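Participant: Build me a model:
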Amino acid sequence: MRSPLSTRPRPRPVRLAGVLLAGGIALTACSGGGEQSATTTSVPADATFNAADVTFAQGMVPHHEQAVEMAELVPDRSTDPQVLDLAQRIQAAQGPEIEILDGWLREWGATAGGEGVDHSGTDHSGMDQSAMGGMMSEEDMTALEGLSGTEFDRMWLQMMLEHHTGAVGMAQTEIADGEDPDALAMAQEIRDSQSAEITEMEQLLQDLSTR
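Facilitator: Okay, here's the model as predicted:
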């Protein structure tokens, strides 16, 4: 498990949507290689974070949630020790990061459509998918849930590889455009660790092709 990057108290979660913070200037950001819809993000002039940090945190929360959801499917459907180990590591790393990201959004005053912070469940259908590269559709998840054994392993690895590739793109955008030191550190960790896991999954897929 990665060491927490912040000791901020755990808040309730937040749903991806337009962000409104008191005062400041309007900025538009892109993430994960996709063009984001024009979302007005106002940031106080004396803030230690910027709109890119908010976009990164809001996008990464549901992105991590889906990765954890996918990892939780593995124990009941796979018997491959390497796939089981990888899923456990993904869940152990990304679960705590969700809590940290939630804490930053709460501290920064981020809200979803003027409502209180809440992103319970995993229905992200109303979110800007272009801001979250590699997200799986509801149909993808349903198909994955219906498989087991080697067929499950192959589809899970293919989906998680695409998911990680999207996360790396989001992290690279934060590294280029972000300002908050903790958010930048997390983005660098996500980029490095998930790039390594991409290489690992590519090898696992190659191994599966020989079976």
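Participant: Could you report the separation of Pro181 from Glu139?
Facilitator: Taking Cβ to Cβ, to the nearest Å as the measure, Pro181 falls 39 Å from Glu139. C-beta here means a position set from N, CA and C on the backbone, and glycine is covered the same way.
Participant: so for stretch 165-172, what's the average pLDDT?
Facilitator: Mean pLDDT, stretch 165-172: 97.
Participant: Any chance you could list what contacts that stretch?
Facilitator: With contact meaning Cβ atoms under 8 Å, 6 or more residues apart in numbering, stretch 165-172 is reached by 31-33, 56, 59-60, 63-64, 67, 131-135, 187-188, 190-191, 194-195, 198.
Participant: re earlier: for Pro181 and Glu139, indicate the residue with more neighbours.
Facilitator: Pro181 (12 against 8; other Cβ atoms under 10 Å).
Participant: so what's the more buried one up against?
Facilitator: Here Pro181 is in contact with Thr48 (Cβ under 8 Å, 6+ apart).
Participant: Give me the pLDDT for it.
Facilitator: So Pro181 comes in at 97 (pLDDT).
Participant: Also Thr210?
Facilitator: pLDDT, Thr210: 83.
Participant: What about it, how many residues nearby?
Facilitator: What Thr210 shows, counting by other Cβ under 10 Å, is a neighbour count of 5.
Participant: Asp153 too?
Facilitator: 24.
Participant: where's it, which helix or strand?
Facilitator: helix 149-177 (DSSP states H and E).
Participant: rewinding a little: take the contacts of stretch 165-172 and keep only those in helices.
Facilitator: If you go by DSSP state H, the contacts of stretch 165-172 have 56, 59-60, 63-64, 67, 187-188, 190-191, 194-195, 198 in helices.
Participant: Neighbours of Val74, how many?
Facilitator: 22.
Participant: so what's the nearest residue in space to it that is not next to it in sequence up against?
Facilitator: Once flanking residues are discounted, Val74 sits nearest to Ala87: 3.8 Å by Cβ to Cβ, 6 or more residues apart in numbering. The contact partners of Ala87, taken as Cβ under 8 Å, 6+ apart, are 70-72, 74-75, 78, 156.
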